[in-house]
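Undergrad: Okay, predicted coordinates and the sequence, questions at the end:
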Amino acid sequence: MSPAHFRISRYLQSLVGERHPERSPRALKKTAHYLATQFAKSGWNVSHQSFSALGETYRNVVAVKTPSRCLSGTYSSPLLIGAHYDTVPDSPGADDNASGLAVLLEMAARLRKFAFSRPVWLVGFCLEEQDRLGSRALAARLKADGQALAGVIILECVGFSSSRPASQQVPPGVPQAVPTVGDFLAIVGNETARDLVQAIERSAMSRAPALKTQSLIVPGCGEVLPHTRRSDHASFWDANYPAVMLTDTANFRNPHYHRETDTVETLNVRFLVGVINTVTAVTVELAGVR
């Protein structure tokens, strides 16, 4: 097993387990602590964005790498890559969404020695399963502060792949042909994020050629295709930020989605590594290595 595969397996095993605000609040807090600790071990500056919801205070975990020197005294707008860390009740949440978190943690490890021209933010969002409350809170705060973003990449269920015929279903209303075999990564953006979608496609082709991709550009903020709004990227669409969701399409492919069977053993680590290689590469491109 390569060092990268070992780290990814360790991340997944550490993260898996019900992480729900009411059913398992201690596990939810423990996961936030684990993310913060791992980001810090990789040399990133870690903070928490607190927000009030459901009568309690919750936290988004934010890891930042800022350019070491800036002659003008101001930085370019940040690139944000995020994934949610909560689960639905009774699900260990391996694909949904320990897989996305594993991408963030492995990226943090790989990029620890890189010097970028623009800030990079890695964010673990809380309460995505509760109507995206964590990402909505952060997007609203950034908008109120007048903070621009170079782009937002949201990782939502990125570890399940199937080579079986007819293993891929298609959300209602999708206006293009979709493969019937569920072995591709979907890249979902809107017109504002078209350039970001194309950058991710280029990175996949160059750094993860075995990873098949399918892109979809939706009009507006995805209102006519509500299934394309089912993750934290929609919070940033609504705030007029360029945002993209990367996904294995969740319940349209994965029979374990939101079930107690969503375990590490059902994931395809090779597929997940392709996602990591792709997102790491596009981050290097868009953040501008010095």
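TA: Nice, thanks for sending it over. None of the values given here were measured: they were computed from a predicted structure. Numbers count the residues shown, from 1 in each chain.

Undergrad: who does the helix or strand hosting A83 pair up with?
TA: Take DSSP states H and E as the rule and A83 turns out to sit in strand 79-84. Within its sheet, strand 79-84 is paired with strand 120-125 (parallel), strand 151-156 (parallel), according to DSSP bridges.

Undergrad: for those strands, which one ends up most surrounded?
TA: Among these, ranked by average contacts under mean count of other CB atoms under 10 Å, first place goes to strand 151-156 (a mean of 27). All C-beta atoms are positioned from the backbone trio N, CA, C, and that covers glycine.

Undergrad: that's a helix at Q168, yeah?
TA: No. The assignment for Q168 (DSSP: H, G, I helix; E, B strand; the rest coil) gives coil, which keeps it out of a helix.

Undergrad: residues touching it, list them.
TA: Residues near Q168 by CB atoms under 8 Å, 6 or more residues apart in numbering: 162, 178-182, 184, 249, 252-253.

Undergrad: Leaving aside the residues adjacent along the chain, what's closest to it?
TA: Nearest residue to Q168 in three dimensions, chain neighbours excluded: G182, at 3.8 Å (CB to CB, 6 or more residues apart in numbering).

Undergrad: quick one: the one you found from Q169, how far?
TA: With distances taken as CB to CB, to the nearest Å, G182 is found 8 Å from Q169.

Undergrad: starting at the chain centroid, how far to the strand holding A83?
TA: Relative to the mean C-alpha coordinate of its chain, strand 79-84 is positioned 5 Å out (CA atoms, centre = their mean, to the nearest Å).

Undergrad: So which elements touch the helix or strand following that strand?
TA: Under the assignment DSSP H and E, the closest C-terminal helix or strand after strand 79-84 is helix 99-110. The criterion is 3 or more CB pairs under 8 Å, 6 or more residues apart in numbering; DSSP states H and E, and the helices and strands that helix 99-110 contacts are helix 3-15, helix 25-41, strand 79-84, strand 120-125, strand 151-156, helix 269-287.

Undergrad: at 6 Å instead, please
TA: Based on contacts counted as 3 or more CB pairs under 6 Å, 6 or more residues apart in numbering; DSSP states H and E, the elements that helix 99-110 packs against are helix 3-15, strand 79-84, helix 269-287.

Undergrad: out of the ones you listed, deepest packed?
TA: Per-stretch averages of neighbours, counted by mean count of other CB under 10 Å, single out strand 79-84 among the helices and strands packed on helix 99-110, with a mean of 27.

Undergrad: what stretches of the stretch 51-200 of the chain score poorly on pLDDT?
TA: Scanning the stretch 51-200 of the chain for pLDDT under 70 picks out 69-75.

Undergrad: if we can go back for a sec, now for the contacts of Q168: which two are most distant?
TA: In the contacts of Q168, two members sit farther apart than any others by CB to CB. They are S162 and V178, at 13.9 Å.

Undergrad: follow-up on the earlier one: show me which of G182 and Q169 is the more surrounded one.
TA: Neighbours of G182 and Q169, each counted by other CB atoms under 10 Å, are more numerous for G182; the result is 22 against 13.

Undergrad: Contacts only, for that one.
TA: By CB atoms under 6 Å, 6 or more residues apart in numbering, the contact set of G182 is 162, 167-168, 253.

Undergrad: what does D86 give?
TA: Residues in contact with D86 (CB under 6 Å, 6+ apart) are 19, 126-127, 129.

Undergrad: again, only using 8 Å
TA: The neighbourhood of D86, defined by CB under 8 Å, 6+ apart, consists of 19-21, 28, 126-130, 134.

Undergrad: sorry, back to before: pull the most distant pair out of the contacts of G182.
TA: Based on CB to CB, the longest span within those runs between S162 and Q168 and measures 7.6 Å.

Undergrad: what's the overlap in contacts for those two?
TA: By CB under 8 Å, 6+ apart, the residues touching both S162 and Q168 are 181-182, 253.

Undergrad: re the thing from before, specify the angle between the strand holding A83 and helix 269-287 in degrees.
TA: Strand 79-84 runs at 150 degrees relative to helix 269-287, counting by axes from the mean of the first three to the mean of the last three CA atoms, to 10 degrees.
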